[in-house]
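Q: structure of the sequence below:
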Amino acid sequence: MRTLLVLSLFIVFTATCSLPARAKPIAPAFHSYNMDSGIAHVSISDIAEDKYGFLWLASQSGVDKFDGYTFRNFGLWGEDKSTGLQTLFALQIEASLDGQYLWVGTYSGLSRIDVDTESFKHYTLPASEPFNKQVINRIKTTHNGQLWTGQNHT
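A: This next block holds a predicted model:
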């Protein structure tokens with residue numbers, strides 16, 4: 001009888017130890033950033049994450065890269081077109097499947113950022129008459145890597 005009692009307690013003990021513990025849900029942590037924090041514009045239109053985990057924010061002042069501590073802004077290009085955007089207002093940003101590139105939709109077309117070199121390449125999309133503006137307001141990468149853009153023809 002004593003052996004049966006010890007065996008029963010052992011079974012109950014091992015059964016309760018193997019049950020998954022009910023973890024308390026972790027509350028999300030919220031942080032606010034403003035222009036004093038280094039962000040170029042407080043109106044963010046889109047956010048994407050690159051392969052390193054850095055966040056890229058599309059705004060009315062171009063694109064900001066956030067490393068978790070500081071913001072770096074990429075605005076209009078200078079003499080070298082690979083240093084920035086064609087126009088300041090970035091409407092949409094989408095990462096490639098591998099996170100190597102970020103596609104940016106603007107009022108002047110489509111740009112691609114290489115996250116390793118932080119250089120920009122710009123693309124002119126075919127326009128159809130009577131639409132001639134290159135406003136890219138939606139970008140989506142499909143599961144097989146195809147890039148889709150939505151244009152606002154005005």
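Q: show me where the chain has helices.
A: 2-18 (DSSP state H).
Q: who's in contact with the residue most central in space within it?
A: With distances taken as CA atoms, centre = their mean, the residue of the chain nearest its centroid is A48 (0.9 Å). A48 makes contact with 55-56, 58, 93-95, 102, according to CB atoms under 8 Å, 6 or more residues apart in numbering. In short, each C-beta sits where N, CA and C put it, glycine included.
Q: same deal with S82?
A: Applying CB under 8 Å, 6+ apart, we find S82 in contact with 119-121.
Q: rerun that using 6 Å as the cut-off
A: Applying CB atoms under 6 Å, 6 or more residues apart in numbering to S82 gives the contacts 119-120.
Q: mind checking how far it is from Y101?
A: 13 Å (CB to CB, to the nearest Å).
Q: mind checking the end-to-end distance for stretch 49-65?
A: Stretch 49-65 has an end-to-end distance of 9 Å (CA to CA, to the nearest Å).
Q: do a quick rundown of the strands in this protein.
A: Assigned by DSSP state E, the chain shows strands spanning 44-49, 55-59, 62-66, 71-74, 90-95, 101-106, 109-114, 119-123, 136-141, 147-151.
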